[in-house]
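> Build me a model:
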Amino acid sequence: MKMMFIGEYRHNLDAKGRVIIPAKFREQLSYNIILTRGLDGCITVYTQDQWQKIYEELKKLPTTKREARMYVHMLTSKAAEVEIDKQGRVLIPSSLIEEADIEKACVIVGTADHFEIWSEQRWDDYYAKASESFEDIAEKLTDFLI
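Here you go, the predicted model:
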C-alpha cells in the first residue's frame, strides 16, 4: 500500500515535548519514524523506508560541492529516529522544537508521501501567504502535475 498522508491536525506539545501523531497517520507507520529539519521552518517526518531512500540519494551528492555538503549537514545533523509510544505520541528532540519555533500549539500537515509538524503560528502565516497565490502557483506547476 502506498503511503498517503493528507489533512491538517492541530495538537499541543505536552510539557515533555511529546505530540500525538494522528491515528490516520499512525495506521501507515511502524513504531519508529525519522524526524528532521524541514524546509520552510517545519519538522519533516519520514517512515524508515522513505528515510532510507533519501539517505541513498544524499550519498550521491558531490562532497566537493559546498551547497551539497551544507544541505546534507542541515538535513542529517538534527535528524532523529523516534519511537511512537502506546498513546500514539512521539518525543520531539528539543533541537527540532527550537528549529521549528514550536512553543505549545502545533499543526501536523499531511503532504502526500510524508508529513510535517509546524508551529501553529508559523503554519497559519505560511498557509495565508500560500493561499494568496494558490491559483498562480497551480498555473505555473501545471506541466508537472499532468
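> can you tell me how far Thr64 sits from Tyr55?
According to C-beta to C-beta, to the nearest Å, Thr64 stands 19 Å off from Tyr55. All C-beta spots, glycine's among them, are computed from the backbone N, C-alpha and C.
> The two: who's more crowded?
Tyr55 (15 against 7; other C-beta atoms under 10 Å).
> does the more buried one belong to a helix or a strand, and which?
Element membership of Tyr55 [criterion: DSSP states H and E] is helix 48-60.
> just Val109 next, same as before
Going by DSSP H and E, Val109 is in strand 105-110.
> now the angle from the next helix or strand after that strand to strand 105-110?
Counting by DSSP H and E, the next helix or strand C-terminal to strand 105-110 is strand 115-119. If you take axes from the mean of the first three to the mean of the last three C-alpha atoms, to 10 degrees, strand 115-119 sits at 160 degrees to strand 105-110.
> From the contact counts, what lies against strand 115-119?
Strand 115-119 sits against strand 43-46, strand 105-110, with contacts defined as 3 or more C-beta pairs under 8 Å, 6 or more residues apart in numbering; DSSP states H and E.
> Contacts for the shortest one next, please.
In this case it means strand 43-46. Contact with strand 43-46 is made by 33-38, 54, 92, 96, 99-100, 102, 114-118, as judged by C-beta atoms under 8 Å, 6 or more residues apart in numbering.
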